[in-house]
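Novice: Here is a sequence with its predicted model. Questions after.
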Amino acid sequence: MKYKIKHSTTYRYADFVSLCQNQARLTPKSNRLQICHNSHIEILPPTTYLQEYTDYFNNKVTVFEIAKQHKKLTVTMVSEVELFAPQSLDLSIIDMPWETVRDLLTVANTPTLLKVSEFVLPSQFTPLEAGIKEYALTSFTPGLNLIEACTDLMARIFHEFHYDPGFTTISTPLSVVFAQKRGVCQDFAHFALACLRSIGLAGRYISGYIETLPPEGEEKLEGADATHAWFAIFVPNYGWVDFDPTNNVLPTNQHITLAVGRDFSDVTPLKGVVFGGGSQLLDVAVDMIRLE
Amino acid sequence: MYINNTTMPEWLSLYLDKSHQHDELVNHSGVNLEHWNILFKSLSSLTAEDVNSRAIEISQLLQNGNIKHERNQQWQFDPLPFMFSKDDWSSIEAGVKQRTILLNKIQEDLYGDQQLLIDGSIPAQQLFQDKNYLREGFSLPSNELKLFFSAVDIYRTPTGEFKVLEDHCQCPLGLGLLLKSRIIARRVMAEEFAECHVQQIKNFLNSFQETINEYTRYMDDPRIVILTQGIDDPNFNEHAFLSTYFGYTLVQSADLTVRNGEVCLKSLQGLGKINVILRWLPDRCIDSLEQTEYSLHGIPGLLQAVRENSVKVLNPFGSGVLSSLAVQRNLAFLSEKLLQEPLLLGQSTYYESTEVTPLDWPLLELRSYQDPTFKLDGSDDAKAIKLAIDKQPEDYYFQDRPTLSTAPFWSGGQLISKQVVFRCYALTTEHGVEVLPSAFCFSNDISHYSKVSGWIKDTWINTNAVDDIVEPIAPIPVRKRMDVTLLEGVISSRTAEHLFWLGRYLERCESTVRILRVFIDRYTELSVYSDVMRQTIITRLFTAIRSQQIVYPYIEQEFVLQECTLAQAKEMAFQLLADEQCAGSIINSLKYLSNAAAQIQELLSYDSRRIIDDINEQIDALKACTVNRPSRALQASIDKVIGSIMAFNGSITDCMPNSNGWFLLEMGHRVERSLQIISLSPALLSDELEESAEIGLLESILTSQVSLVTHKRRYRMHQSIGTGLELLLLDAEYPRSLLYQLEQISLLCQHLPTKRRPGVIAAHEKAILLSKTTCYVTEKDYLQKSTDGKRVQLIEFNHHIRSNLDTFCDVLLLQYFSHTQTANKLNWTNIEQAQS
């Protein structure tokens, strides 16, 4: 499966901005399930400085600066990504009680395990709140297979939490999401991560895209696709396995990974500082087109 | 007791005879007393009064060098130095050296292949949770990750060995204070200093600069800055002191901007590349773009510049992690592992809160994993400890309670003992680690002196005089490049703006004082000889002050006469002097002045700073003033104010290299004086009055402009409003005239970097040229002429000049000072906002 993705972000300012400095994490990753064939970032007005570097979590970061007066900034990333995942994942080869994984991570005596063990710790957006551990243990019963337990956790979040855009913002604390059982994909991912971490398992946050299909017989609307977020759990001798609690699926050929981190703060698609500008309006549009 | 106290003065033997358990002098002097004895031999001739007078001299010297600020730390400096024996010092020196080497190795590993985490030498989970473990460090060039300048706090245990209290690997404080106290000690205790053969700290400071210079070795015009949080930082004085000492420009984050991957200083000349930043800011919030912890003091894009290798930040990014518990707790083990030798300077033993019983508590203190400032004493706070660990035992740990040794401090005419800590400084250079041969010896025992934040002693390390002779004299190093400290000519736009305003405030204070003097003079005269003419003059002066026409903000408006009683006049005089509600009052102008001076204190000489200190005292005195003060006392207060202003002006004339932006101070003076002059005549002379009253008012103006005598001499035959106006406004040769000020401003403008092509003059110069021309082409009779009892042309003339001056100031702000804009955070793109 091959996709072309167009992700554009537009800022409109009330006053002139004299200088803006930004960091974007908009280049899809290449890993064993996907390859980013090419990517191209287009920024208007033209940048006065543009560089790339790879961050701690191996995400590609685009650093740019516009030192020219402007009232509108558009950042468009166009990329082509090929997915290798089969229609459905065969995870039956993973036969491991979750406690075994937990115990392995407390030792963390190899470079890989050491890196992974960082994802066991609570983070800014996934603090250890009261009640979360109990919630997790309902799915992670003693001796249960890791994948089975995690699938159950995902299903419970899907069924018990209400998808409610507008209820939360990025600053809504996790405890509110948990108490009200409402939120959007990033809240669900954060909550699931808090659950995993509360019982000593490693989970990471994934930002990316998901393909949306129009209702039967209708044309797909431009800009209708979305940035999305889900989580992955670490499985020793296998790697990371993705789970999408918003849709209750194991991502395969409709999810494209953009960046990974401990939580949202590590993968912010676009952040920056501006000098001047006054109030600002933000507009984001994503298109995900199947190429073959 | 080891010390031979037969020859001791009483003040010293009194201290020695008291019972001490753990005192540096009494219990820890060792078998070989040479080091203290040399000192005491030279002190033995001093009486308690002598020591007292030294203490007073020191406290004056110490305070005078600083501009006092409520937030600044105030240290008390002791007249008695601390002496380390050779043996003690060599063990400390070796320990500090070893520790610095060890910390460097650890940092290299932690931001490298992390072997120490994989093999469990450092607990990874604990480290990963430490706020000072900075993941941003991994994308930086690896040569960035070496310590440069670090410090370690050590103390002596009751058994006599030295132990470590704390490492300072980010921005070690106290070097400035240490330097300052050494300078004072050498002045106050010159003889003892020589006799004791105190090791000099000069070499260390030279190495400090040499090491920095290494980074800029191949650059033509390297620029080195000291980055501070600014005047709100409690240690700002120290930053300013170091900036003056080393000759590096002192900057705040708003002075810097990152363009094209390079850090630039926003200066009058435009943007100038910075090569080395000595940061006195923690690294966790140094880049407000890349780092999650947002800080006003961060510089957006700084890390990218480091990544580009275009700037060197010292201490390098990430070194804070070395102070983390995960590292500190395992140092002894790490020393064996990495250096194959035992750790020379031991430190506290740590215990989990569950490891010890309440019986062990009295020797321990409880600390928190989360909050490094949390500390509960094992014996005094037993109840609180119980509460804390019953609730959340895993959040806390115990460690040995350090028992600090004491040393004698001079207080209230006698020696008292206070607990001391020694902060030792180390420098990592290409040739290894160098340790400063002195220490910042301080005591935080401050129970009786709330205003003092601590006590310090100069620390002397005795060298054998013989050694000095044997020691080969180092050849004078050949300068490979330009001496970077001598570079001038680049000041930040912010500094430039403060200089401009400093000039304006100085002038504003001066002229307000002169107006107030005239006003007080006139109303006291009126109370003695009450007549219509004097009443007219007082009414007009009163109205002009009250409506703020002739004092700041020099409001231009219709003149509506307000009659006043003597009591009202007196009240007005008080308000103009000491009322903080009154915008143009002297107290307010002094406050602004003091603040502007503090902002640029690193450019001021020692003497100028002393005067600012005096001014601060006067501000405090004025705050305490009440309206009932007799006129005589008011006069005395304002005499003092003008005395200080004159002294300050005098103290800076000699050290004003224009390349450092001092011309802006002069420009500020001239602009404010111009505004002052053109506010006076329309307010007081626009109505045609009976001649004696008019001349009386003119004389008031002339007196306030220190021009009365000149006027009388020059126009001996006939004096009129016209002659007065000619002298004050139109005479290009007379130093207090308006036109003279404008000519000066015009000349000073030549120092401003030009942003136009030759042949075209800039907007601000046009404004001044217009004003000048108006003055040149105007005749005195034109200004004096009145229509229907009003001098409309005089009002218009002044209004015209005023609007041109306003334009001038606006353009100056926009063209030269405007980079002071602050950064706003862009809304982060949020998943939710994009969610369909």
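Specialist: Great, that's in hand.
Novice: Next, the buried residues of the helix or strand containing residue B:417.
Specialist: Per DSSP states H and E, residue B:417 falls inside strand B:414-419. In terms of neighbour count (16 or more other Cβ atoms under 10 Å in any protein chain shown), strand B:414-419 has its buried residues at B:415, B:417-419. C-beta: built from backbone N, CA, C; applies to glycine.
Novice: How about stretch A:30-47?
Specialist: A:33-34, A:36, A:39, A:41, A:43, A:47.
Novice: which ones are touching whatever residue of the stretch 351-500 of chain B ends up closest to chain A?
Specialist: Nearest residue of the stretch 351-500 of chain B to chain A: residue B:394, at 11.6 Å (Cβ to the nearest Cβ). Contacts for residue B:394 (Cβ atoms under 8 Å, 6 or more residues apart in numbering or on different chains) come out as residue B:353.
Novice: Name the SS class of it, please.
Specialist: helix (DSSP: H, G, I helix; E, B strand; the rest coil).
Novice: What parts of the stretch 101-250 of chain B come near chain A?
Specialist: B:113-114, B:117-120, B:124-125, B:128-129, B:135-136, B:138-139 (Cβ under 8 Å from any Cβ of the partner chain).
Novice: Which stretches in the stretch 1-150 of chain A count as helices?
Specialist: Using DSSP state H, counting those that start in this stretch, the helices of the stretch 1-150 of chain A run over A:98-107, A:111-117, A:132-139, A:146-160.
Novice: I meant to write the stretch 101-250 of chain B there.
Specialist: Under DSSP H, counting those that start in this stretch, the stretch 101-250 of chain B gives helices at B:115-118, B:124-128, B:175-188, B:190-195, B:202-215, B:236-246.
Novice: any idea of the mean pLDDT for the strand holding residue B:417?
Specialist: Computed over strand B:414-419, the mean pLDDT rounds to 89.
Novice: In terms of secondary structure, what does it contact?
Specialist: Strand B:414-419 makes packing contacts with helix B:10-17, strand B:406-411 when contacts are defined by 3 or more Cβ pairs under 8 Å, 6 or more residues apart in numbering or on different chains; DSSP states H and E.
Novice: Turn these into TSV, including distance to chain A, mean pLDDT and mean neighbour count.
Specialist: TSV is the format used below for those (distance: least, Cβ to the nearest Cβ, whole Å; pLDDT from 0 to 100; neighbours: other Cβ atoms under 10 Å in any protein chain shown):
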stretch	distance to chain A	mean pLDDT	mean neighbour count
helix B:10-17	53	83	17
strand B:406-411	43	88	22
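Novice: Dump these to a markdown table, plus distance to residue A:155.
Specialist: Shown next, in a markdown table, are the helices and strands packed on strand B:414-419 (distance: least, Cβ to Cβ, whole Å):
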| stretch | distance to residue A:155 |
| --- | --- |
| helix B:10-17 | 77 |
| strand B:406-411 | 67 |
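Novice: What is the distance between the strand holding residue B:417 and the centre of its chain?
Specialist: Mean C-alpha position of strand B:414-419 versus that of the full chain (Cα atoms, centre = their mean, to the nearest Å) differs by 30 Å.
Novice: Tell me the neighbouring strands of the helix or strand just after that strand, and mark each as parallel or antiparallel.
Specialist: Per DSSP H and E, the first helix or strand lying C-terminal to strand B:414-419 is strand B:421-429. Strand B:421-429 pairs in its sheet with strand B:149-156 (antiparallel), strand B:432-435 (antiparallel), strand B:440-443 (antiparallel), by DSSP bridges.
Novice: For strand B:421-429, list every residue counted as buried.
Specialist: Here strand B:421-429 shows B:421-428 as buried, counting by 16+ other Cβ under 10 Å.
Novice: what bridges to the residue nearest the centre of chain A?
Specialist: Geometric centre of chain A, nearest residue: residue A:207, 1.9 Å, by Cα atoms, centre = their mean. Residues in a beta bridge with residue A:207, per DSSP bridges, are residue A:229, residue A:259.
Novice: What's the per-residue pLDDT of it here?
Specialist: pLDDT, residue A:207: 94.
Novice: who are the neighbours in contact with it?
Specialist: Counted by Cβ under 8 Å, 6+ apart, residue A:207 has contacts A:25, A:227-229, A:257-260, A:264, A:267, A:269, B:831.
Novice: Most neighbours of all these, which one?
Specialist: Counting neighbours by other Cβ atoms under 10 Å in any protein chain shown, residue A:228 leads these with 29 neighbours.
Novice: for chain A, what are the nearby residues on the stretch 351-500 of chain B?
Specialist: So the stretch 351-500 of chain B never meets chain A (Cβ under 8 Å from any Cβ).
Novice: So, low pLDDT: which residues of the stretch 351-500 of chain B?
Specialist: B:445-452, B:464-490 (pLDDT under 70).
Novice: Would you map the helices across it?
Specialist: B:382-391, B:465-470, B:493-528.
Novice: Please identify the most buried of the ones you listed.
Specialist: helix B:493-528 (a mean of 22; mean count of other Cβ atoms under 10 Å in any protein chain shown).
Novice: if we can go back for a sec, and the strand holding residue B:417 with strand B:406-411, angle?
Specialist: 140 degrees (axes from the mean of the first three to the mean of the last three Cα atoms, to 10 degrees).
Novice: so what does the longest strand anywhere in chain A touch, helix or strand wise?
Specialist: For chain A, the longest strand by residue count, based on DSSP state E, is strand A:2-24. With contacts defined as 3+ Cβ pairs under 8 Å, 6+ apart, strand A:2-24 has these neighbours: strand A:60-66, strand A:70-83, strand A:203-210, strand A:270-276, strand A:280-290.
Novice: Domain-wise, how is the chain divided?
Specialist: No chain in the question, so chain A it is. A:2-84+A:268-290, A:98-266 (automatic domain parsing).
Novice: nope, chain B please
Specialist: If you go by automatic domain parsing, chain B breaks into B:75-405+B:465-475, B:493-820.
Novice: Could you export the ones you listed as TSV, including distance to residue A:134?
Specialist: Converted to TSV, those look like this (distance: least, Cβ to Cβ, whole Å):
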stretch	distance to residue A:134
domain B:75-405+B:465-475	18
domain B:493-820	53
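Novice: Flag whichever of those domains has the least confidence on average.
Specialist: Among these, domain B:75-405+B:465-475 scores lowest, with a mean of 86.
Novice: so how far is it from its chain's centroid?
Specialist: Using Cα atoms, centre = their mean, the offset of domain B:75-405+B:465-475 from its chain centre is 21 Å.
Novice: re the thing from before, just put the helices of the stretch 351-500 of chain B in a markdown table and tack on distance to residue B:438.
Specialist: Putting the helices of the stretch 351-500 of chain B into a markdown table (distance: least, Cβ to Cβ, whole Å) gives the following:
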| stretch | distance to residue B:438 |
| --- | --- |
| helix B:382-391 | 38 |
| helix B:465-470 | 16 |
| helix B:493-528 | 32 |
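Novice: now chain A, which segments are flagged as low pLDDT?
Specialist: For chain A, applying pLDDT under 70 flags the ranges A:86-89, A:221-224.
Novice: burial count for residue B:60?
Specialist: Neighbours around residue B:60, by other Cβ under 10 Å: 12.
Novice: So it, which state does it fall into?
Specialist: Criterion first, three-state DSSP; result for residue B:60: helix.
Novice: any idea how far it is from residue B:78?
Specialist: 15 Å (Cβ to Cβ, to the nearest Å).
Novice: Residue B:616 belongs to a helix, doesn't it?
Specialist: Yes. Residue B:616: assigned to a helix according to three-state DSSP.
Novice: from memory it sits against residue B:594, does it?
Specialist: Yes. Counting by Cβ atoms under 8 Å, residue B:616 touches residue B:594, with 5.6 Å between them.
Novice: who touches residue B:802 in this structure?
Specialist: If you count contacts by Cβ under 8 Å, 6+ apart, then residue B:802 has B:554, B:556, B:675, B:678-679 around it.
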